[in-house]
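J.: the following comprises the amino acid sequence and a computationally predicted model.
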Amino acid sequence: MLTEFLRDQCFTTAWFGLMAFVWFGWSQEDPPRAWRVRLGVGSGLGVAFAAGFGVLTALNWSQPTALQGKYVWFGVLVAAEVVLAGLGCLLLARRGQSRWMAWWVAVVVAVHFLPLALFLSDFGVAAVGVAQLAALGWAVPRLRAVTTTSSRLAGPIMGVSLLISAVIGAALALPNL
């Protein structure tokens, strides 16, 4: 989002669009009726950013990247995120708390944005993670007060924050193309 590397800017915008699509999709597991159309629109916009900036990433692949020489450690970070999310979901399932899985995965994703910002030399990514963590913290008492799945709130929190980040990323990337 705030990087000097055009290729990384395009890729992050595409990835945030794709992940917005995923989170809006997960939030459709148990949405309030009034939210359904908005969640679908969010999913569609996420796909549009993913496709458009995916193409722009491919067209700018020869550009430098902040990840040069860091690919192994980037892979370790992503693998750790996947393992942590999976183990947390397994533990939640075994404890009969499956409804919290979306919230847990969202927290892991938000936390992983903090070291990811260092890899990408992009502190805008860290700002996204901090905002997501604050919103997910705000959601906890609301989720405790109901018996619905945590995807009802975690999905829109993640989807909206990622879609806004994709819009910002696009606005920063397009003048440099």
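T.: That came in fine, so what should we check first?
J.: the helix or strand where Val83 lies - contacts with which helices or strands?
T.: Using DSSP states H and E, the element containing Val83 is helix 71-94. Applying 3 or more Cβ pairs under 8 Å, 6 or more residues apart in numbering; DSSP states H and E, one finds that helix 71-94 contacts helix 101-120. Placement of C-beta: from N, CA and C, glycine included.
J.: buried ones in the helix it packs on?
T.: 101-113, 115-117, 119-120 (16 or more other Cβ atoms under 10 Å).
J.: residues in contact with Thr147?
T.: Counting by Cβ atoms under 8 Å, 6 or more residues apart in numbering, Thr147 touches Arg99.
J.: check Phe53 too.
T.: 10-11, 13-14, 17, 166, 169-170, 173.
J.: poorly predicted segments of the chain, please.
T.: The chain contains no residues with pLDDT under 70.
J.: ok, which stretches of it are helices?
T.: 6-27, 36-59, 71-94, 101-120, 123-144, 151-173 (DSSP state H).
J.: and of those helices, who's closest to Thr65?
T.: Nearest of these to Thr65, taken as Cβ to Cβ: helix 6-27 at 5.2 Å.
J.: so how far is that closest one from its chain's centroid?
T.: Distance, stretch centre to chain centre, for helix 6-27: 7 Å (Cα atoms, centre = their mean, to the nearest Å).
J.: what about dumping the CA coordinates of it to CSV?
T.: The C-alpha coordinates for helix 6-27 follow below in CSV (Å, rounded to 0.1, in the frame of the first residue of the first chain):
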residue,chain,number,x,y,z
LEU,A,6,5.3,-1.1,-8.1
ARG,A,7,5.2,-4.9,-8.5
ASP,A,8,4.6,-5.3,-4.8
GLN,A,9,2.0,-2.5,-4.9
CYS,A,10,0.1,-4.3,-7.7
PHE,A,11,0.4,-7.7,-6.1
THR,A,12,-0.7,-6.5,-2.6
THR,A,13,-3.7,-4.8,-4.2
ALA,A,14,-4.6,-7.9,-6.1
TRP,A,15,-4.1,-10.1,-3.0
PHE,A,16,-6.2,-7.8,-0.8
GLY,A,17,-8.9,-7.9,-3.4
LEU,A,18,-8.8,-11.7,-3.5
MET,A,19,-8.9,-11.9,0.3
ALA,A,20,-11.7,-9.4,0.5
PHE,A,21,-13.7,-11.8,-1.8
VAL,A,22,-12.8,-14.7,0.5
TRP,A,23,-13.8,-12.9,3.7
PHE,A,24,-17.0,-11.5,2.3
GLY,A,25,-17.8,-15.1,1.1
TRP,A,26,-17.1,-16.5,4.6
SER,A,27,-19.4,-13.9,6.1
